[in-house]
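1. quick one: sequence plus predicted model below, questions after.
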Amino acid sequence: KAGVTQTPRYLIKTRGQQVTLSCSPISGHRSVSWYQQTPGQGLQFLFEYFSETQRNKGNFPGRFSGRQFSNSRSEMNVSTLELGDSALYLCASSAGGRADTQYFGPGTRLTVL
Amino acid sequence: AQSVTQPDIHITVSEGASLELRCNYSYGATPYLFWYVQSPGQGLQLLLKYFSGDTLVQGIKGFEAEFKRSQSSFNLRKPSVHWSDAAEYFCAVGARGGYQKVTFGIGTKLQVIP
């Protein structure tokens, strides 16, 4: 079974721009979660989508948004980029039940200049 | 809300030595507990998880962890470390009342010296 894939792997943007990141979950998985990883903050939960609905949300500003498509693929969008948005963005997929394991993709490294 | 503390940001051990990485959690009930490992440039890989039952959990790559309710701890152990174990290790807690909302610790970076 193919793992979680994320595209692109690396991205460089400037302040004020917007960016869209993509995540394809493991086949059959209906839940996709997004995390922001920075050296000082560790992994911070952004949001989780299940069957095209946002089911959980972390404490991030409204500039961070996401969506999920009928094939469970998910996109995350960040508008009006700030320098502090530079991070590794990880997505994780699971079957979606409470006890189900999350499987992580390799991440997208976003650099904001 | 749940939280996780990994008190050691960086640990150095000699190859062949034993390893224990500490993790303390805060949660009002018995949580789901996880240990993940992240190698440079990679995503996170699940080492082991605790949901219920036996408090000593065996994982992949020879790792184990013990859930101690009285100490709110879930420490990761390995009897003999290999150079390939050098990586960053994350403890995480999931709320039983919520779907897939997992809180991660800050991580412990493990260095292995020959």
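-> Nice, thanks for sending it over.
2. show me where chain B dips below the pLDDT cut-off.
-> For chain B, residues meeting the criterion pLDDT under 70 lie at B:96-100.
3. which residue ranges of it form strands?
-> B:3-5, B:10-14, B:19-21, B:24-26, B:32-38, B:44-50, B:56-58, B:64-68, B:73-78, B:87-94, B:102-104, B:108-113 (DSSP state E).
4. could you dump those into JSON lines with distance to chain A and mean neighbour count added?
-> Yep, even glycine has a C-beta here, placed from its N, CA and C like the rest. Formatted as JSON lines, the strands of chain B follow (distance: least, CB to the nearest CB, whole Å; neighbours: other CB atoms under 10 Å in any protein chain shown):
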{"stretch": "strand B:3-5", "distance to chain A": "9", "mean neighbour count": "16"}
{"stretch": "strand B:10-14", "distance to chain A": "12", "mean neighbour count": "13"}
{"stretch": "strand B:19-21", "distance to chain A": "14", "mean neighbour count": "18"}
{"stretch": "strand B:24-26", "distance to chain A": "14", "mean neighbour count": "17"}
{"stretch": "strand B:32-38", "distance to chain A": "7", "mean neighbour count": "23"}
{"stretch": "strand B:44-50", "distance to chain A": "4", "mean neighbour count": "20"}
{"stretch": "strand B:56-58", "distance to chain A": "13", "mean neighbour count": "14"}
{"stretch": "strand B:64-68", "distance to chain A": "15", "mean neighbour count": "18"}
{"stretch": "strand B:73-78", "distance to chain A": "16", "mean neighbour count": "20"}
{"stretch": "strand B:87-94", "distance to chain A": "7", "mean neighbour count": "23"}
{"stretch": "strand B:102-104", "distance to chain A": "4", "mean neighbour count": "22"}
{"stretch": "strand B:108-113", "distance to chain A": "10", "mean neighbour count": "16"}
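5. who wins for proximity to A:Tyr49 among those?
-> strand B:102-104 (14.6 Å; CB to CB).
6. name every strand pairing with that closest one and say which way it goes.
-> Sheet pairing for strand B:102-104, assigned by DSSP bridges, gives strand B:87-94 (antiparallel).
7. now tell me what touches the partner strand from outside.
-> A:42-43, A:98, B:2-4, B:6, B:21, B:23, B:25, B:27, B:31-40, B:44, B:47, B:74, B:76, B:100-105, B:107-110 (CB atoms under 8 Å, 6 or more residues apart in numbering or on different chains).
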